[in-house]
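# sequence plus predicted model, see below.
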Amino acid sequence: MEQVAHAVSNPPAGVLASVLASRAAADMVIMVREGSGIRLDYTPASLSLVDRIIDGIRREKPPAEALTDTLTGFGAYLGEVLVRCAGAAWVDFDPAQRDIFGQPFGIRTPDGRVWNPLGKAAKRYRNGPEDSLRLFYLSVVGQARV
């Protein structure tokens with residue numbers, strides 16, 4: 001019994017990140033479907049829809065601070081698309097990576113690179129089309145076209 005309690009209180013690295021991110025992505029899928037009728041299906045093509053949704057929010061100009069949970073949810077969705085379609089895995093960032101990315105976790109691609117999808121949606125909101133989630137996905141998987 002003591003080993004089970006220890007395993008629950010100290011999950012293996014990346015497990016908590018995976019659960020939290022997957023849940024945030026699923027919550028975002030539900031919120032978008034209920035709010036606008038748009039069905040996000042965890043495909044790379046659906047990231048164009050997310051870009052357009054964020055652009056629509058930008059046009060209304062709410063303060064970014066009011067959108068923290070929403071933008072984090074869109075970032076989690078982006079990460080989950082990378083996990084499901086590009087073989088990435090959710091990982092806990094080490095202290096140096098947390099300082100760089102400003103997030104507790106992100107993804108690692110099969111080639112060993114780490115990425116910050118949680119922050120990408122916030123950048124899309126701040127900067128607009130130059131920070132496309134769809135193009136980020138393509139860059140991560142090495143298919144970006146110049």
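Nice, I can see it.

# flag every buried residue along the helix or strand where residue 120 lies.
Assessed by DSSP states H and E, residue 120 sits inside helix 117-127. Buried residues in helix 117-127, counting neighbours by 16 or more other CB atoms under 10 Å, are found at 117, 118, 119, 120, 121, 122, 123, 124, 125. The way it works is simple: take the backbone N, C-alpha and C, and place the C-beta from them, glycine included.

# the fourth one reaches residue 131, doesn't it?
Read it as residue 120. Yes - assessed by CB atoms under 8 Å, residue 120 is found in contact with residue 131 at 6.6 Å.

# can you map out the helices along the protein?
Using DSSP state H, the helices of the chain run over residues 2-9, 15-36, 46-60, 68-86, 95-101, 117-127, 133-140.

# ok, and what's touching the second one?
In this case it means helix 15-36. Residues from elsewhere that reach helix 15-36, judged by CB atoms under 8 Å, 6 or more residues apart in numbering: 38-40, 42, 53, 70, 72-74, 76-77, 79-80, 83, 89-92, 104-106, 118.

# among the residues you listed, which ones are buried?
Using 16+ other CB under 10 Å as the burial test, the contacts of helix 15-36 include 40, 42, 53, 70, 72-74, 76-77, 79-80, 83, 90-92, 105-106, 118 as buried.

# where does the chain have its least confident helix or strand?
Using mean pLDDT, DSSP states H and E, helix 2-9 stands out as the lowest-scoring helix or strand of the chain, at a mean of 39.

# who wins for proximity to residue 110 among the helices of the chain?
Of all the helices of the chain, helix 68-86 sits nearest to residue 110, with 8.0 Å by CB to CB.

# from the chain's centroid, how far away is that closest one?
Distance of helix 68-86 from the chain centroid (CA atoms, centre = their mean, to the nearest Å) equals 2 Å.

# could the helices of the chain go into TSV alongside distance to residue 110?
Shown next, in TSV, are the helices of the chain (distance: least, CB to CB, whole Å):
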stretch	distance to residue 110
helix 2-9	27
helix 15-36	16
helix 46-60	19
helix 68-86	8
helix 95-101	18
helix 117-127	16
helix 133-140	11
